[in-house]
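Engineer: Can you look at this prediction? I've put the sequence above it.
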Amino acid sequence: MEKKPRERPSGPEDWRELLRTQYDYPEDLAPEGAGRKARRRAKKEWREADRESRRAYIRGVREREPASPGGVIVLIVALLVIGGVASWLFPKDSEDDAKAADHVQASPTAAVSGADSSSGTAGQPPASASPSAPAVDLSQPDEVSAAFIKAYLTRDPVKDQGPQASVERAEPWMTKSLRDNLAAHPDPAYKRLVIRGGVATVGKVEVAEAGDELPVDIPKVRAFREVRASIAVKEWETKTEVRTLHLELVYTTEGWLVARILDLV
């Protein structure tokens, strides 16, 4: 059951009404034949997930609201008052801090001059360290398929706050067109996970060449893989699901990337 888009509350009473809205439980919240205790536990977990979603929505709205001019003025005045009182109570410390600041400001200049002279003598420029993002291994289609499925099917709706998070985690192993497609068409399994308030964690992943129903691989051009993933789904109880997906990979200048999930798009 899809929820209606929330309207932004206009006053304090509307905010409180948003938090105490009556719950409309999904019909398939608990499996058919489940006992009363299991249904109560499922409702409780669904309410907790719904409340957390409401709190996240309220936090997001309040963080996007700009600060009022009056609040900014009060903050500036308070900082000025605190600084003036500190200078009046500890004048000697302020003078010592100023002298130490002058000394520190002069030191880097001398250090840079010494470094320049030494580098000029050696005839080599000084090396500069630049951080780089960790590289992803895209050399083998099997490894790319396993890493992609593990990142895409591992989901925690409460923390992720939407299906886009798992798409972003799997982005290093897929093409841009597939990323846009998955972002526009979420996996139906994600919606079922949200309804039941579950968390999905991928464990063992098995990759094999696709069967005769799919085209043959073309080296350094295109490849097809069948991927079986064991997923631990934690709802009112933990159970293991096995999903089998068929992937099409293409070889790019970066290496192998997943271009299509034949079972979804």
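Structural biologist: Looks like it arrived, so ask away.
Engineer: Quick check, residue 195 in contact with residue 46.
Structural biologist: Yes. Applying CB atoms under 8 Å, one finds residue 195 in contact with residue 46, separated by 7.5 Å. No exception for glycine: its C-beta is placed from N, CA and C like everyone else's.
Engineer: In this protein, what helix or strand scores lowest on average pLDDT?
Structural biologist: In the chain, no helix or strand scores lower on mean pLDDT, DSSP states H and E than helix 91-122, which sits at a mean of 48.
Engineer: other SSEs contacting the helix or strand that comes right after that helix?
Structural biologist: Counting by DSSP states H and E, the element after helix 91-122 in chain order, helix or strand, is helix 141-153. The contact analysis (3 or more CB pairs under 8 Å, 6 or more residues apart in numbering; DSSP states H and E) places helix 141-153 against helix 164-169, strand 199-209, strand 222-234, strand 238-251, strand 256-261.
Engineer: And the contacts of helix 141-153?
Structural biologist: Helix 141-153 is contacted from outside by 136-138, 166-167, 169-170, 173-174, 182, 200, 202, 205, 207, 223, 225, 227, 229, 231, 243, 245, 247, 249, 255-258, using CB atoms under 8 Å, 6 or more residues apart in numbering.
Engineer: Count the neighbours of residue 194 for me.
Structural biologist: Residues lying near residue 194 (other CB atoms under 10 Å) number 20.
Engineer: An error on my part: the question was meant for residue 144.
Structural biologist: When neighbours are counted by other CB under 10 Å, residue 144 registers 25.
Engineer: Leaving out chain neighbours, which residue sits closest to it?
Structural biologist: Leaving out its chain neighbours, the residue that sits closest to residue 144 by CB to CB, 6 or more residues apart in numbering is residue 256, at 4.7 Å.
Engineer: tell me, how many neighbours does that neighbour end up with?
Structural biologist: Neighbour tally, residue 256, other CB under 10 Å: 24.
Engineer: Quick check, it in contact with residue 222.
Structural biologist: No. Assessed by CB under 8 Å, residue 256 is found out of contact with residue 222, at 9.6 Å.
Engineer: and for those two, which residues touch both?
Structural biologist: With CB under 8 Å, 6+ apart as the test, residue 256 and residue 222 both reach 249-250.
Engineer: circling back to that earlier point, how far away is the residue nearest to residue 144 from residue 169?
Structural biologist: Here residue 256 is placed at a distance of 18 Å from residue 169 (CB to CB, to the nearest Å).
Engineer: same deal with residue 230?
Structural biologist: For residue 230, the distance to residue 169 equals 18 Å [CB to CB].
Engineer: Then residue 220?
Structural biologist: Using CB to CB, residue 220 is found at 27 Å from residue 169.
Engineer: More neighbours: those two, which one.
Structural biologist: Set side by side, residue 220 and residue 169 show more neighbours around residue 169, with 16 against 8, by other CB under 10 Å.
Engineer: Quick one: neighbours of the closest residue to the more buried one other than its chain neighbours, just the number.
Structural biologist: Once flanking residues are discounted, residue 169 sits nearest to residue 151: 4.3 Å by CB to CB, 6+ apart. Using other CB under 10 Å, residue 151 has 18 neighbouring residues.
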